[in-house]
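>>> I'd like to go over a predicted model; first the sequence, then the structure.
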Amino acid sequence: MTLLVELGNSGNWLQSDSQSFTGFPLPEYVPPFQFEKHILAIYVDNYEAKDTWNFAGWVSQKIRLGIGPSQGAESVSNKKLWLRRTQLLIFPKLTTTYTLSIHFPQWFKRADCTIWEYWGPEADTVTNAIGQVQSSVLRVENKINLLLD
């Protein structure tokens with residue numbers, strides 16, 4: 001299966017969050033809302049960072065399982081973040097909504113983080129192929145019906 005999206009169209013992206021953090025150590029950041037889209041872009045900057053720093057932390061997709069002692073959100077997908085790079089993140093579609101948790105490196109005293117959600121068209125090659133087969137079957141059925149009438 002191949003995902004078909006229009007990532008290069010800026011009109012398909014919506015900035016969901018932009019925050020600046022200071023302190024030592026920086027706390028875990030959990031945006032105070034649920035995400036609906038599973039394609040995100042995240043940019044992390046730290047103007048105090050040394051030129052040799054590349055690592056910007058971890059982002060985790062969390063979903064509520066509703067079982068176990070805490071019945072809380074469990075991390076299902078963890079991805080590494082890179083400093084000063086807009087990163088495309090595609091999370092698994094396990095639920096309609098989910099939360100994020102961002103952990104910055106322990107040596108960071110500052111971080112600026114921006115998150116965008118992809119709201120553009122989405123399709124996949126499997127769905128397209130099924131649609132083409134269904135269309136072909138309908139044409140054959142119509143031809144058979146015409147012959148039988």
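That came through, no problem. Note that the coordinates shown come from a computational prediction; the quantities given were computed from them, not determined experimentally.

>>> quick one: Leu147 is in a strand?
No - going by DSSP: H, G, I helix; E, B strand; the rest coil, the assignment for Leu147 is helix, not a strand.

>>> For it, grab the count of nearby residues.
Using other C-beta atoms under 10 Å, Leu147 has 7 neighbouring residues. Any C-beta I mention is one placed from the backbone N, CA and C, and that applies to glycine too.

>>> What separation do you get for it and Phe55?
For Leu147, the distance to Phe55 equals 67 Å [C-beta to C-beta, to the nearest Å].

>>> and what of Glu74?
In terms of C-beta to C-beta, Glu74 sits 24 Å off from Phe55.

>>> Reduced to three states, what does Ile67 come out as?
Applying three-state DSSP: Ile67 is coil.

>>> Now do the phi/psi pair for it.
The phi/psi pair for Ile67 (degrees, to the nearest 10) reads phi -130, psi 170.

>>> Next up, the contacts around it.
With C-beta atoms under 8 Å, 6 or more residues apart in numbering as the criterion, no residue contacts Ile67.

>>> how much space between it and Ala111?
Counting by C-beta to C-beta - Ile67 and Ala111 are separated by 34 Å.

>>> and if you look at Asp17?
13 Å.

>>> Just want to know which of the two has more residues nearby.
Using other C-beta under 10 Å, the more surrounded residue of Asp17 and Ala111 is Ala111, with 25 against 17.

>>> dump the residue contacts of that one.
Applying C-beta under 8 Å, 6+ apart, the residues contacting Ala111 are 20-21, 26, 44-46, 56-57, 104.
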